[in-house]
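A.B. asks: 3D model of this:
(2 chains, ligands or ions: 2)
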Amino acid sequence: MSMRFRVIKNILKQGFKGLWRNKGMGLASVTSITAVLVILGIFLILILSLNNVVMDTREKFDEVQVFLEDEITASQIEEIENRVKESDKVISVIFKSKDQALEEMKKSWGDEGYLLNGLETNPLPHTLIIKLKDIEYADSVAKSIENMEGIEEIQYNQDIIEKLVLFSNYIRNGGLVVVSILLLVSVFIISNTIKLTVTARKTEINIMKYVGATNGYIRGPFVIEGLLFGLIGAVISILIVSYGYNYFFNAASDKLYVLFTVYLVPPKALMKDVMIIFIAIGAGIGALGSLVSMKRFLNV
Amino acid sequence: MIRFVNVNKEYKNGVKALSNINLFIDKGEFVFLVGPSGAGKSTLIKLILKEENPTEGRIYLNNRDITYVKNRKIPYIRRSVGVVFQDFRLLPNKTVYENVSFAMEIIGAHPKDIRRNVPMVLSMVDLSDKAHNYPHELSGGEHQRVAIARAIVNSPPILIADEPTGNLDPETAWGIMKVLRDINRRGTTILMATHAKDIVDAMKRRVVEIEKGVIVRDEEKGVYEHEIPGY
Ligand SMILES: Nc1ncnc2c1ncn2[C@@H]1O[C@H](COP(=O)(O)OP(=O)(O)OP(=O)(O)O)[C@@H](O)[C@H]1O
Ligand SMILES: [Mg+2]
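C.D. replies: Ligands and ions are numbered 1, 2, ... in the order given. Next up, the predicted model:
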């Protein structure tokens, strides 16, 4: 065994001892780290899922839907189509009748499609679907036809997308603030926990200094202790988030919410990143907490 | 071994603890540092241990300039200086043996060396039979002998003692002095701050006297000379 190896072994041993000695405060540390990470996890899932929604909406709705009156004539429809096609921002115009629309809806509802058989009259309107080069042209295209005969309503999703982006920004910033505060609180709690070990070992540390222990040797056990608290918190929160989210995802995927779950990040795709992030943050908080607690005291 | 060149030390609060100290202590010497309370003896020792930095001047240890060294290097300087204090500073939850072996462990000594050196120094301070006792089972003199064993177990060339007999009765103090004399005979340089007049007078070693931060006397085979009330 080399000298360095023996030194490292001693440091590790002391680190584990500190962990054990500080079970009570350690529990507080682990709990706080777990709480931060679980909340971080929830925000991550929210943000990623919202991102999905935004992307999907952007793709799906680069079109303007023109709902037509039931009594509209074929020539009126043609007139509108021609007007629309004048614009070079339009890719295509497709007419979808009431019946086609209902049929498509049935299809998209899948197994639940039969529910629509109960309808007495078809509530869906005839629709012109205008595909645009980009959603940003929706306004001008809509304006060019809005006063024409036979049009009931023009719908496009520019503001939905804007609202979604705004909303997901709120969530992201809110998440950032909440997680940052909780991170600070955790560092504080950990540093106080480590301070207890430092105090408990004050004489020992003092003697160690006089006998020529390096700062690394003195600091090592505390960093290890903090790191272990952080890692334990990370593991617990990984378990909570992975089991919790899996459960939620499966429950939500239950037929009633199919439309909603397509936007949720699949748990499998998420967990690898979550594990890496959680372990890194857990270890980081732990190490930082112990360094903070010793900063003042080491310069002797 | 130890050299002070024009050293001044002023604490942050403005106290001038040492003024223009010039001092050379050669290898193998046994030096008493005497002077009234507050004279600056402990300050001088703290400068050697790099617990404090001098305000002015230069300090050399083993021919190395240690006036300004990086914090990172300080532990290695301290490994060449064993140190003993008035209040022993033993770890209560470790046995005598462990209190000593601990000093070797932290510098990563080989277990074989630890098993060989610890019993050796314990026998030097005449504590072989107390190796497995805990500090609370020891007398004051025995406490100090453990502290000495710990200070010399890594064979530092210099041993510094700040009032090592301050908490001991005269007879026990003499026991400690015998141990220190033995250690000095084996070649270790010793610098000892003390108020113990009879010890200084009887040992007839070099005496350096400080008063108000100034060296007022430095003589071979000196005596304590000053009466200090309360000591
Ligand atoms: N850390 C410090 N900060 C400020 N002043 C200090 C500090 N340590 C010591 N002093 C002052 O420096 C002067 C010298 O103190 P020092 O401890 O060196 O004296 P001493 O000779 O060891 O005394 P004693 O015999 O009582 O141990 C004293 O006036 C003391 O108050
Ligand atoms: Mg003193």
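A.B. asks: Now do the phi/psi pair for residue A:6.
C.D. replies: phi -60, psi -40 (degrees, to the nearest 10).
A.B. asks: mind listing what it touches?
C.D. replies: Listed by C-beta atoms under 8 Å, 6 or more residues apart in numbering or on different chains, the contact partners of residue A:6 are B:105, B:108, B:109, B:110, B:111. Placement of C-beta: from N, CA and C, glycine included.
A.B. asks: From those residues, which one has the minimum pLDDT?
C.D. replies: Ranked by pLDDT, these bottom out at residue B:108 (87).
A.B. asks: how close does it sit to ligand 1?
C.D. replies: 31 Å (C-beta to the nearest ligand atom, to the nearest Å).
A.B. asks: Report the buried members of the contacts of residue A:6.
C.D. replies: Buried members of the contacts of residue A:6, counted by 16 or more other C-beta atoms under 10 Å in any protein chain shown: B:105, B:108, B:109.
A.B. asks: From those residues, pick the one nearest residue B:50.
C.D. replies: If you rank the buried ones among the contacts of residue A:6 by distance to residue B:50 using C-beta to C-beta, residue B:108 comes first, at 20.7 Å.
A.B. asks: so where does the closest one fall, helix or strand?
C.D. replies: Assessed by DSSP states H and E, residue B:108 sits outside every helix and strand.
A.B. asks: tell me which parts of chain B are close to ligand 1?
C.D. replies: Counting by C-beta under 6 Å from any ligand atom, the residues of chain B close to ligand 1 are B:11, B:13, B:15, B:17, B:35, B:37, B:38, B:39, B:40, B:41, B:42, B:43.
A.B. asks: From the residues you listed, pick the one nearest residue A:49.
C.D. replies: Checking those against residue A:49 by C-beta to C-beta gives residue B:13 as the nearest, at 61.0 Å.
A.B. asks: for the closest one, phi and psi?
C.D. replies: Backbone torsions for residue B:13, taken as degrees, to the nearest 10, come to phi -80, psi 10.
A.B. asks: which of the buried ones among the contacts of residue A:6 come close to chain A?
C.D. replies: B:105, B:108, B:109 (C-beta under 8 Å from any C-beta of the partner chain).
A.B. asks: Same list, the contacts of residue A:6, but as a markdown table with distance to residue A:8 please.
C.D. replies: Listed next are those as a markdown table, based on distance: C-beta to C-beta, whole Å:
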| residue | distance to residue A:8 |
| --- | --- |
| B:105 | 12 |
| B:108 | 9 |
| B:109 | 14 |
| B:110 | 15 |
| B:111 | 15 |
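A.B. asks: Which element, helix or strand, includes the residue in chain B sticking out farthest from the centre?
C.D. replies: Centroid-distance maximum for chain B: residue B:112 at 27.3 Å, with C-alpha atoms, centre = their mean. Per DSSP H and E, residue B:112 falls inside helix B:111-124.
A.B. asks: ok, then the element right after that helix?
C.D. replies: With DSSP H and E, the next secondary element past helix B:111-124 is helix B:140-152.
A.B. asks: Report all helices and strands that that following helix contacts.
C.D. replies: strand B:81-85, helix B:96-105, helix B:111-124, strand B:158-162, helix B:170-185 (3 or more C-beta pairs under 8 Å, 6 or more residues apart in numbering or on different chains; DSSP states H and E).
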